[in-house]
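**Q** Sequence and predicted structure, then a few things I'm wondering about:
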Amino acid sequence: MFCSVIMNRILCISNKNVFSRISTVHKSARHVSQDIFTGDKDRFKGLTIDSNKQKCTQNNFLNKLEESLSEWTSQGHRCIWFRVSIKQAFWVPLLAEKGFNFHHARDDFVMMYKWLPLDSEPNLPPPCHTNLGVGAMVFNKRDQILAISEKHYEYPHWKLPGGYVERGEDIIDAGVREVREETGVEASFQSLITIRHSHKMMYGNSDIYVLMMMKAISEKIILSQREIKDCKWMDIEEYTNHPHVHEFNRLVVQKALEYRSKKLKLNIKKRTVKWPTAVREMNYLVIENCEY
């Protein structure tokens, strides 16, 4: 009986010690989780931290970052991304001090990254390196071409209305918008003509320029005072023989007329495509017969 009482007391003390240790571990885990940055994991074992979602002052930033990097390394994370809002711009030099590099930026944030594994090189998608633009060859009922001369060129020229495609904008919609903004003319898509791909353009990027044939719905010209110096309807022969028209634009006219004579249309169609993890709308090119 005496031995039984002693054993129960020993077990009780032992259990208290175990529970005490478990409690300490839980408290320690909670302490660590509170002292590191939180973010969204990706399928590549990466982690993205959004500065707008973090509570951190300039005074404790470096300590919190060091603890976070240590924890992320032990957890096997590969690339750490910081999406730094312009409101937390003071993070940028502090991240750079700890080995973070720039990847890309927008108007209100910069994305910085650090590759953690020491036994491999970063395998990351490149930042945006190609600009996408559209040019529109608009024909009216008299088979004239809509030509513009822009304000900010250093040499005389007659070119086609056009400009850059906006984020999330379809190519055809961009063409319609650019024609309207620059000339006031409403136009509808008829056919893609060709694509020009060149390098070392604006910001050192590559450049893809999509040329399309369009039909004028209206013909009244209302100039964009910010961008356009002059705009007019030109006969095809006048345009293709004008000394201020670039040879590439002459080629584009030639190809457009060729498509019309052969009754060919390079059409852009849209389709909803499903993957196991996503549903997206995609534009694709098809060749069709067409009566212009």
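**A** Noted; the coordinates are in hand. Numbers count the residues shown, from 1 in each chain.

**Q** rest of the way, CA atoms for contacts and neighbours
**A** Fine.

**Q** residues touching the residue nearest to residue 264 when sequence neighbours are not counted, list them.
**A** In this structure, residue 264 finds its nearest non-sequential neighbour in residue 289, 4.9 Å apart by Cα to Cα, 6 or more residues apart in numbering. Each residue near residue 289 by Cα atoms under 8 Å, 6 or more residues apart in numbering is listed here: 263, 264, 265.

**Q** Tell me how far residue 289 lies from residue 261.
**A** Using Cα to Cα, to the nearest Å, residue 289 is found at 11 Å from residue 261.

**Q** likewise residue 123?
**A** Relative to residue 261, residue 123 is positioned 49 Å away (Cα to Cα).

**Q** now residue 37
**A** Note on residue 37: its distance to residue 261, by Cα to Cα, is 64 Å.

**Q** more crowded one of these two?
**A** Legend: neighbour count by other Cα atoms under 10 Å for residue 37 and residue 261, higher for residue 37 (22 against 11).

**Q** ok, and the closest non-adjacent residue to the more buried one?
**A** When the adjacent residues along the chain are set aside, residue 37 lies closest to residue 68, with 6.1 Å between them (Cα to Cα, 6+ apart).

**Q** Now do that neighbour: how many residues are near it, please.
**A** Summarising burial for residue 68: neighbours were counted as other Cα under 10 Å, giving 18.

**Q** which parts of the strand or helix carrying it are buried?
**A** If you go by DSSP states H and E, residue 68 is part of helix 61-74. Judged by neighbour count (16 or more other Cα atoms under 10 Å), helix 61-74 contains these buried residues: 61, 62, 64, 65, 68, 69, 71, 72.

**Q** could those residues go into JSON lines alongside distance to residue 178 and pLDDT?
**A** Shown next, in JSON lines, are those (distance: Cα to Cα, whole Å; pLDDT from 0 to 100):
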{"residue": "61", "distance to residue 178": "46", "pLDDT": "95"}
{"residue": "62", "distance to residue 178": "47", "pLDDT": "94"}
{"residue": "64", "distance to residue 178": "48", "pLDDT": "96"}
{"residue": "65", "distance to residue 178": "46", "pLDDT": "96"}
{"residue": "68", "distance to residue 178": "47", "pLDDT": "97"}
{"residue": "69", "distance to residue 178": "47", "pLDDT": "97"}
{"residue": "71", "distance to residue 178": "50", "pLDDT": "96"}
{"residue": "72", "distance to residue 178": "47", "pLDDT": "97"}
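
**Q** mind putting these in JSON lines, distance to residue 205 included?
**A** As requested, the buried residues of helix 61-74 are exported to JSON lines (distance: Cα to Cα, whole Å):
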{"residue": "61", "distance to residue 205": "35"}
{"residue": "62", "distance to residue 205": "35"}
{"residue": "64", "distance to residue 205": "37"}
{"residue": "65", "distance to residue 205": "34"}
{"residue": "68", "distance to residue 205": "35"}
{"residue": "69", "distance to residue 205": "33"}
{"residue": "71", "distance to residue 205": "38"}
{"residue": "72", "distance to residue 205": "34"}
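
**Q** Name the helix or strand for residue 145, please.
**A** Using DSSP H and E, the element containing residue 145 is strand 144-150.

**Q** Report the mean per-residue pLDDT for stretch 126-139.
**A** Averaging the model's pLDDT scores along stretch 126-139 yields 96.

**Q** ok, and what's touching it?
**A** For stretch 126-139, contacts defined as Cα under 8 Å, 6+ apart pick out 103-104, 144-146, 160-165, 171, 174-175, 179, 187, 205-216, 253.

**Q** I'd like to know which of the residues you listed are buried.
**A** Neighbour-count burial (16+ other Cα under 10 Å) is assigned, among these, to 103, 144-146, 160-165, 171, 174-175, 179, 187, 206-216, 253.
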